[in-house]
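In: Quick one: sequence plus predicted model below, questions after.
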Amino acid sequence: MDIVLLGLVIGMANALLASGLVLVYMSNRVINFAHGELGAFGVALMLALTRAAHLNYWLALLCSLAGAAALGGLIERTILARLFRSPRLIVLIATIGVAQLVAVSRLVLPKPEAAGGDVAFAGGANIFPVPFDSPTWEFGRVVLLPQHFMVLVAGPILAAALFAFLRWSSYGIALRAAAENAQRARLLGIPVRRVSTIAWVLAALLSAAAAILLAPIIGFSATEAVGLPILMRGLAAGMVARMESVGTAFGAGLALGVLDQLVFFWTGRSGLTDIVLFGVILVALLARGERQRRTVASEESSWEIAEPVRPLPTEIVAHPAWRAFTGAGIALAIPTVVALPWYLGVADLQFIATVLLVAVVSVTLTVLTGWAGQMSIGQWAVAGAGAVFGAQLVTESGFPFWFGAVVAGVVGAGVALLLGFPALRLEGTALAVVTLGFSVAAAAWIFDQSWMKGTGFLSRPTWISTTSYYYLSFAFFAVSLVAIRGLQTTRIGRNMLAVRDNPRQAAAMGIDVVRTKLTAFVLAGTFAGIAGFLWSAGIGLADTTVFQPGRSLSLVAAVVIGGLGSLPGAVLGTVYFLAIPYFLGDISPHLGLLSTGVGLLTLVLFFPGGMARLIGASRDLIAHRLTGRDPRPQVVPVSSTARAAVGAGSKEQT
């Protein structure tokens, strides 16, 4: 019973987080990936007010909860309102951008100071305030501290208030009605938009309250990596409840807290929380009925933002002027790439090499998501799996560097294949949740295991100088781009697009949907694993610190910014994602995260095609000027003779 009691303390916070997630899903039919960051924002604001501004605890608590709630309402009114009728997949991508902006707003808040006067980036009860100093209570093997009593008192009060609101208030009844049938609720005069705003406000309030209650117990990190683990605590319980019932999600959150503590006491190993949550999410999603999976997929699936740039017509490509123009461009690009090491310093060459390798991972994400329609938010973790295991072979076992790179590709393919099996039954945001859960679990536990991790370092061999590393990275980038571009024109590439657009119609046409999906995962994993290994060799590290789950979100943002479904767009998005913090990092260390968040939301809201579509429009203009032919598809009007013939035929039938 002592362990169960401690589990209920942790589970109470999980339950509040899950309740907020379900509220947003009930009103918007979308999983809010910014939910954890809203809670982390509340914790950071609470720390800033109590430890930096020395404000009274209760006043700081009131301001923190009000600030998080106001931020949630502002997000809904300014961003989500514009996407209210958009496909749910687009809204989910928008919440990724929102999460990055909220993370930046949290990171710029004043940090508390440790005992030595340095900024404290992590800690528990030693830096987080509690409102009273009650005596400790020993219950079996558990020692309950004041922060535990805070959860046991405040948690049930918040839960009772939430259930009373949903049960008896007019807006609570409207929220439940909108969740059951939004269209019918509009016909009955229910203000669905206003209900959505209230749901976001309540969700942000619950997330902040849960994070503030949980922080003195499990600690808090004032870095980019804190928001996603908080999200996973609520997401697992929400998946158990199928995002349909606040009460069921609340109970599931309590049960998961108990399960978490039982696993800890049974194994004696910390860090298994994220593995448990990942397993629960996977089982809960796979256990969904076929009918529910089809309903959710029909609501969420939309790949209109993944439309590739239209290829030029054959007559333009074969035109002498266009052939001369493209030939001159290639002739100029090749010597420029070869001569760069003579004009750039070591740091710039190193940066270009790392950008090229990250761009390969972005390209694999384009293949997986933009072409095959498998929404993955864990591709950076797949690259990390190959890099970490390959580095272990090189640093611990003494294998050659090239052998480590080959094994990294094999490991990447294997991990991607394992993630691909759930994709056979899951689509849209459900698969995104699974891959995100893997990304969090990998960074929290898998990459730190002795059978996976070596020394955590990976140095290049002495024969690979900075210049050689630059050429090696560019060669791998070019080979990857050519190979994947060639794949697009093959039957496999066409099958991927068919499966993305309509899996059932593709199956009816004789396409093996299972093989196509798994092929996309294996190909993407292979290139990502090798790219991750080479990237780690460039920076000298291959451990969990450089393969954080937040990087996977940034990678998705970069691909969408560049143009989901376009290979040049993936490269452009990666350059945008990495170049801004490199060249403007002196202005703010958070400028990279801010740029991807702002860029992602700007393009989702105003330019769904991304940078690739803008580049495509410029290409069409140049082609038109050079060849005198319009590359846009021409609509042939019906001639007067044809219209007369049709009219005559109609008279004869009459």
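Out: Nice, thanks for sending it over. Residues are numbered from 1 along each chain as shown.
In: what about residue 475, neighbour count?
Out: Residue 475: 11 surrounding residues under other CB atoms under 10 Å. To be clear about C-beta, it is placed using only N, CA and C from the backbone, and glycine gets the same treatment.
In: can you list contacts of the helix or strand harbouring it?
Out: If you go by DSSP states H and E, residue 475 is part of helix 466-488. For helix 466-488, contacts defined as CB atoms under 8 Å, 6 or more residues apart in numbering pick out 337, 340-341, 346, 349-350, 352-354, 356-357, 359-360, 363-364, 367, 371, 460, 464, 493, 523, 527, 530-531, 534, 537-538, 567, 571.
In: Now list the buried members of these.
Out: Buried members of the contacts of helix 466-488, counted by 16 or more other CB atoms under 10 Å: 340-341, 349-350, 352-354, 356-357, 359-360, 363-364, 367, 371, 460, 464, 493, 523, 527, 530-531, 534, 537-538, 567, 571.
In: Grab the most central residue of this structure for me.
Out: The centroid of the chain falls nearest to residue 553 when counting by CA atoms, centre = their mean (3.3 Å).
In: Can you report phi and psi for that residue?
Out: In terms of degrees, to the nearest 10, the main-chain angles of residue 553 are phi -60, psi -40.
In: Ramachandran angles for residue 541?
Out: Residue 541 has phi and psi values of phi -130, psi 150 when expressed as degrees, to the nearest 10.
In: count of neighbours near it?
Out: Using other CB under 10 Å, the number of residues around residue 541 comes to 19.
In: That one touches residue 456, doesn't it?
Out: Yes: Residue 541 is within contact range of residue 456, at 6.6 Å (criterion: CB atoms under 8 Å).
In: quick one: the strands in the protein?
Out: Along the chain, counting by DSSP state E, strands occupy 122-123, 137-139, 142-144, 220-221.
In: Tell me how many other residues surround residue 510.
Out: Residues contacting residue 510 under the criterion other CB under 10 Å number 7.
In: and it, how far is that from residue 524?
Out: Plainly put, residue 510 is 24 Å away from residue 524 if you go by CB to CB, to the nearest Å.
In: for residue 466, same thing?
Out: Counting by CB to CB, the separation of residue 466 from residue 524 is 29 Å.
In: re the thing from before, return the set of buried residues in the helix holding residue 475.
Out: Quick answer for helix 466-488 (16+ other CB under 10 Å): 466, 469-474, 476-477, 480-481, 484, 487-488.
In: Closest one of those to residue 629?
Out: The shortest approach to residue 629 among the buried residues of helix 466-488 belongs to residue 488, at 24.3 Å (CB to CB).
In: pLDDT score for residue 81?
Out: Model confidence at residue 81, given as pLDDT, is 86.
In: ok, now the one 3 residues further on?
Out: Turning to residue 84, the model gives it a pLDDT of 78.
In: and the gap between it and residue 29?
Out: Relative to residue 29, residue 84 is positioned 11 Å away (CB to CB).
In: More neighbours: which of the two?
Out: Neighbours per residue, other CB under 10 Å: of residue 84 and residue 29, the larger number sits with residue 29, 17 against 12.
In: ok, now how distant is the more buried one from residue 173?
Out: Taken as CB to CB, the span from residue 29 to residue 173 is 19 Å.
In: try residue 438
Out: From residue 438 over to residue 173 the distance is 38 Å, taken as CB to CB.
In: likewise residue 517?
Out: 42 Å.
In: if you count what's nearby, which of these two comes out ahead?
Out: Higher neighbour count among residue 517 and residue 173: residue 517, with 25 against 15, using other CB under 10 Å.
In: Spit out the contact partners of the more buried one.
Out: Contacts of residue 517 were listed using CB under 8 Å, 6+ apart, and they are 372, 374, 420, 423, 424, 499.
In: Report pLDDT for the residue nearest to residue 604 when sequence neighbours are not counted.
Out: Nearest residue to residue 604, sequence neighbours excluded (CB to CB, 6 or more residues apart in numbering): residue 94, at 5.0 Å. Per-residue pLDDT puts residue 94 at 90.
In: ok, residue 94 touching residue 87?
Out: No: with contact defined as CB under 8 Å, residue 94 does not count as touching residue 87 (10.9 Å).
In: Between these two, tell me which one has more neighbours.
Out: residue 94 (25 against 18).
In: what residues are up against the more buried one?
Out: Applying CB under 8 Å, 6+ apart to residue 94 gives the contacts 79, 80, 83, 600, 601, 604, 605.
In: Which of those has the largest number of neighbours?
Out: residue 600 (29 neighbours).
In: count of neighbours near the nearest residue to that residue once chain neighbours are set aside?
Out: Excluding its sequence neighbours, the residue lying closest to residue 600 (CB to CB, 6+ apart) is residue 97, at 3.6 Å. Neighbourhood size, residue 97 [other CB under 10 Å]: 27.
In: Show the pLDDT at residue 97.
Out: Reported pLDDT for residue 97: 92.
In: repeat for the one 4 residues further on
Out: At residue 101, the predicted lDDT confidence score is 93.
In: And for residue 187?
Out: 67.
In: Any idea how many residues pack against the residue lying closest to residue 530 once chain neighbours are set aside?
Out: In this structure, residue 530 finds its nearest non-sequential neighbour in residue 409, 4.3 Å apart by CB to CB, 6+ apart. Residue 409 sits with 20 neighbouring residues when counted by other CB under 10 Å.
In: now do residue 492
Out: Per other CB under 10 Å, the neighbour tally for residue 492 reads 16.
In: Contact partners for it?
Out: 516, 519.
In: picking up where we left off before, so of the strands of the chain, which one's packed in deepest?
Out: Counting by mean count of other CB atoms under 10 Å, strand 220-221 has the highest mean neighbour count of the strands of the chain, with a mean of 21.
In: tell me the mean pLDDT for that one?
Out: 70.
In: Stretch 285-293 too?
Out: Per-residue scores along stretch 285-293 average to 66.
In: Likewise for stretch 316-324?
Out: Stretch 316-324 shows a mean pLDDT of 89.
In: same question, stretch 6-22
Out: Summarised as a single mean, pLDDT over stretch 6-22 is 92.
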